[in-house]
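what follows is a predicted structure for the sequence shown.
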Amino acid sequence: MNVPLIWIKHLRAVPLAAALAMVAASTWAGDTTPGQQLERFSAQAGAAGQAERGRVFFTSRHGGEWSCASCHGSPPTGSGKHAATGKAIEPLAPAFNPQAFTDTARVDKWLRRNCKDVAQRECSAAEKADVLAYLVSLKR
Ligand code: HEC
C-alpha cells in the first residue's frame, strides 16, 4: 500500500534536487580543485608542500595577534569563528567543505587578506604550498 506513495515522493524530490544543484553550480565559479591549488603553489615554490610544516605555520603566530587557527580553528575541520567579528566561517579543510579551494580568484583574495592580517605580508609560495598540503591531509 505504501510503496506507490514512496515512489511518488522520490519522483518529485529528484528534479527539485537537480534544479537546486544547477542553481548552486551557476553561482559558484568552480574553476579548480584543492589538488590543483596544491600543485600550483608547489610549482611556484619549486618544491612540494609539506603538511607538517603547514600545520606549524597555520597554528603559529607570525608577529601579530592572530594565527590562521585564530579564525579557522585547529584543526580547521569544523566551522571557524572570526577572531574579531565572531562571524561563523565555513570549515577550511576541503574534506569538510566541498566548496573550499574550488575558485582560484577566491583562494588568492583570501590568502592575500589573511596573510596580511597574520604576518603583515603576503605568504610565500612555499608557505601556501605547505598550508595546502596540511589542509588536504585532514581527512574525515
Ligand atoms: C581574522 C580572521 C582570519 C584569519 C586570522 C585567517 N582567516 Fe582565512 N578566512 C577568513 C574568512 C572570514 C574567510 C572567508 C570565509 C567565508 O566566506 O566563508 C577566510 C577564507 C580563507 C580562505 C579561502 C578558502 C576558500 O577557498 O573558500 C583561505 C585559503 C584562507 N582563509 C586561508 C587562511 C590562512 C592560510 C590563514 C593564516 C595565514 C588565514 N586564513 C587566517 C578569516 C580569517
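Looks like it arrived, so ask away.

tell me the predicted confidence for T27.
Note for T27: predicted pLDDT of 57.

where do the strands sit along this structure?
In the chain, the strands defined using DSSP state E lie at 80-81, 88-89.

neighbours of the closest residue to A105 other than its chain neighbours, how many?
Spatially, and ignoring its direct neighbours in sequence, A105 is nearest to A29 (6.9 Å; C-beta to C-beta, 6 or more residues apart in numbering). C-beta coordinates here come from the backbone N, C-alpha and C atoms, glycine included. Using other C-beta atoms under 10 Å, A29 has 12 other residues around it.

enumerate every residue touching A29.
When contacts are counted by C-beta atoms under 8 Å, 6 or more residues apart in numbering, A29 touches 102-106.

and it, how far is that from the ligand?
For A29, the distance to the ligand equals 11 Å [C-beta to the nearest ligand atom, to the nearest Å].

contact residues of the protein facing the ligand?
66, 68, 70-72, 82-84, 89-90, 92, 100-101, 106-107, 110-111, 114-115, 117-118, 123, 131 (C-beta under 6 Å from any ligand atom).
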